[in-house]
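A.B. asks: predicted model, plus sequence, below.
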Amino acid sequence: MTRSFRRIGALCASTVAAVSFAAAAAPAHAAAGDGFEFTLYAKQVPAAGASASAPALKVGDVLTFADDLYKTKGGDKVGRDGVTCSVVRVSGDQADMNCVGTIVLNGGPGGQLTAQALATVDITNEATAALDLAVTGGTGDFKQARGYIRSTPDGDYDRMEFHITTR
C-alpha cells in the first residue's frame, strides 16, 4: 500500500483539538470538565512485506494499517492505533472507503477510543484532505465518549485534533 493510501486510511480512522498536547503535559479539559480537547500526531508503522505500490482500488478491497501516536512530531509516544478501511464504491476517479479504527492512549487521559468515517478519495492523484471522524465510544477516561477527530495531512504525519465529550 502506498503512503498516500495509508493517509487515506488514517483520515478515515481515527484515524484522534483546540489545545495541543505539544503545548502542555496533559490535554485540556473541555468546558465544565465534561470532555477533552487535544492534538496528537500519527505516523504509520511500516508493515512487514508491504508493497511500495498498490493496484487499482476495487469494491471489496480492504486496507489495514497501524500508527504510533505522538505529542509532537517525533516527540513522546503516547499511544497507537489500528485501522481497517473497506472500499465500498468506485466511480470514475473516486473511491469511497468505510473506515473503522481503535485508538489506544497511555497516561492522562488514558483508555481507548473508537472512530469511523466514510471517506471519498480522488484516485487519480491520491489526494487527501482534512476529514472529520465520528467518535463512537471509548473506555477508561473516555467512557461514554462522543465527539469527533479532525485528521489533516501534515508532512510525514497526520495531525489529529480530538474534540471529545464524556457525558
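C.D. replies: Everything's here; your move. Numbering: from 1, shown residues only.

A.B. asks: list the helices and strands the top strand by length along the chain packs on?
C.D. replies: Longest strand of the chain, by residue count under DSSP state E: strand 77-91. When contacts are defined as 3 or more C-beta pairs under 8 Å, 6 or more residues apart in numbering; DSSP states H and E, strand 77-91 packs onto helix 3-13, strand 35-44, strand 62-70, strand 94-105. For glycine as for every other residue, the C-beta is placed from the backbone atoms N, C-alpha and C.

A.B. asks: run the last query once more with 6 Å
C.D. replies: helix 3-13, strand 62-70, strand 94-105 (3 or more C-beta pairs under 6 Å, 6 or more residues apart in numbering; DSSP states H and E).

A.B. asks: just give me the lowest mean pLDDT stretch among the ones you listed.
C.D. replies: Here the lowest mean pLDDT among these goes to helix 3-13, at a mean of 42.

A.B. asks: what's the neighbour count on the nearest residue to residue 76 once chain neighbours are set aside?
C.D. replies: Of all residues not flanking residue 76 in the chain, residue 70 sits nearest, at 6.4 Å (C-beta to C-beta, 6 or more residues apart in numbering). Using other C-beta atoms under 10 Å, residue 70 is surrounded by 19 other residues.

A.B. asks: again with residue 141
C.D. replies: 18.

A.B. asks: pretty sure it is in a helix, no?
C.D. replies: Yes - under DSSP: H, G, I helix; E, B strand; the rest coil, residue 141 sits within a helix.

A.B. asks: now it, nearest residue through space, not along the chain?
C.D. replies: residue 109 (3.6 Å).

A.B. asks: what strand or helix carries the one you found?
C.D. replies: Using DSSP states H and E, residue 109 falls within no helix or strand.

A.B. asks: ok, it to residue 136 distance?
C.D. replies: Distance, residue 109 to residue 136, by C-beta to C-beta, to the nearest Å: 17 Å.
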